[in-house]
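Colleague: show me the folded form of this:
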Amino acid sequence: MSANDLFEYIFKIVVLGKSKTGKTKLLKNYVGEEGTIDSITPTIGVEFFTKKVLVDNHTVLLQFWDISGRSQFRSIVDILLKGASAAILMFNKRDPSSLKEIREIWLPLLRNNLPNII
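Modeller: Reported below is the predicted structural model:
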């Protein structure tokens, strides 16, 4: 039995933004890993989280791809974006450069790779 047999829908959701904007913390809280948020280290490459939800009596698997915001991993972002159904862009309101990165780096990457979700 494959994962596709267990879920009626599977959605890949990429989470993007500058390093240290809280992407991993948000996802750990959402999927129920609250006990581990005090010792979060920067993501290297990509980290995966999943959550099963019920929507209108349909079993849905949400696959979150927490993509590192560190510049040395940008070369693999194009590959990681393939097949995504949605994107979450995060910034830190106390760090104006994180919002600037959304406009100058992450939105252009999304527009180039996933024009149907922008």
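
Colleague: for the residue nearest the centre of the chain, report the pLDDT, please.
Modeller: With distances taken as C-alpha atoms, centre = their mean, the residue of the chain nearest its centroid is Val15 (2.1 Å). Val15 carries a pLDDT score of 94 in this model.

Colleague: for the helix or strand in which it is found, list the C-alpha coordinates in PDB.
Modeller: Using DSSP states H and E, the element containing Val15 is strand 9-17. Written as PDB, here are the backbone C-alpha positions of strand 9-17 (Å, rounded to 0.1, in the frame of the first residue of the first chain):
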ATOM      1  CA  TYR A   9      -5.100  14.300  -1.800                       C
ATOM      2  CA  ILE A  10      -1.500  15.100  -1.300                       C
ATOM      3  CA  PHE A  11      -0.200  18.700  -1.400                       C
ATOM      4  CA  LYS A  12       3.400  19.800  -1.500                       C
ATOM      5  CA  ILE A  13       3.800  23.200   0.200                       C
ATOM      6  CA  VAL A  14       7.100  24.900   0.000                       C
ATOM      7  CA  VAL A  15       8.100  27.300   2.800                       C
ATOM      8  CA  LEU A  16      10.600  30.000   1.800                       C
ATOM      9  CA  GLY A  17      12.300  33.000   3.300                       C
END
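
Colleague: which residues touch it?
Modeller: When contacts are defined by C-beta atoms under 8 Å, 6 or more residues apart in numbering, strand 9-17 is touched by residues 3-4, 23, 26-27, 55, 58-67, 69, 77, 80-81, 83-91, 98, 101-102, 106, 109-110. Placement of C-beta: from N, CA and C, glycine included.

Colleague: ok, now stretch 100-117?
Modeller: The contact list for stretch 100-117 (C-beta under 8 Å, 6+ apart) reads 16-18, 69, 74, 77-78, 81-82, 84-87, 89, 91, 118.

Colleague: at 7 Å instead, please
Modeller: The set of residues external to stretch 100-117 that reach it, using C-beta atoms under 7 Å, 6 or more residues apart in numbering, is 16-18, 77-78, 81, 84, 86-87, 89, 91, 118.
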